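J.: below are the sequence and a predicted model; questions follow.
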Amino acid sequence: MKWINVKDKLPEKNKVVLAYGKTTYADNNDFEVRECWVKVDVTPPLWRYDIGCCGDEYYLENVTHWMPFPEKPNESNTATNYSICLVCYLPIDPKRGHPSYCGK
């Protein structure tokens, strides 16, 4: 799966995707990856990632990229022989080792 620039393409209407942007409550300039429900029939699109206990809705802002979720695992591809990095949450390749780009 590859990230898709929002300038190139938007997800289908009312899809749940992974999105890269800023949370509406963040006091800093950090971007985050969140699971979002996307409403694309408005301008700009709304990227909702949560609904609070009182019905408050939380959105990602300044979304630059998105990607669809991968397919669910089936019986033949559920076995894994790798571990997950606890810094970047990416798989550690058993042959090549830790991902060098995560900063660990």
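T.: Now that the structure is in, tell me what you want to look at.

J.: any idea how far the residue nearest to V38 when sequence neighbours are not counted is from R48?
T.: Nearest non-adjacent residue to V38, counting by CB to CB, 6 or more residues apart in numbering: P11, 5.0 Å away. Placement of C-beta: from N, CA and C, glycine included. P11 sits 13 Å away from R48, going by CB to CB, to the nearest Å.

J.: equivalent analysis for R96, please.
T.: On the measure of CB to CB, R96 and R48 end up 37 Å apart.

J.: higher neighbour count, the two?
T.: The neighbour comparison of R96 against R48 (other CB atoms under 10 Å) goes to R48, with 18 against 8.

J.: residues making contact with the helix or strand encompassing that one?
T.: Taking DSSP states H and E as the criterion, R48 maps to strand 46-51. If you take CB atoms under 8 Å, 6 or more residues apart in numbering as the criterion, strand 46-51 is touched by 19, 21, 23, 34-39, 57-61, 63, 66.

J.: now those residues: which count as buried?
T.: Burial by neighbour count, judged by 16 or more other CB atoms under 10 Å, picks out A19, G21, T23, R34, C36, W37, V38, Y59, L60, V63, W66 from those.

J.: got TSV for those residues, with distance to P73 and pLDDT too?
T.: Below are the buried ones among the contacts of strand 46-51 laid out as TSV (distance: CB to CB, whole Å; pLDDT from 0 to 100):
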residue	distance to P73	pLDDT
A19	22	90
G21	27	87
T23	29	72
R34	22	83
C36	22	84
W37	23	83
V38	24	85
Y59	30	81
L60	27	86
V63	27	90
W66	22	92
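
J.: find the nearest non-adjacent residue to the residue most central in space within the chain, please.
T.: In the chain, the residue lying closest to the centroid (CA atoms, centre = their mean) is L18, at 3.0 Å. Nearest residue to L18, sequence neighbours excluded (CB to CB, 6+ apart): M67, at 5.0 Å.

J.: can you pull the phi/psi pair for that neighbour?
T.: Main-chain torsions, M67, degrees, to the nearest 10: phi -150, psi 150.

J.: could you give the number of residues near it?
T.: For M67, the neighbour count with other CB under 10 Å is 15.

J.: my guess is it meets K9, correct?
T.: No. Between M67 and K9 there is no contact under CB atoms under 8 Å: 10.9 Å.
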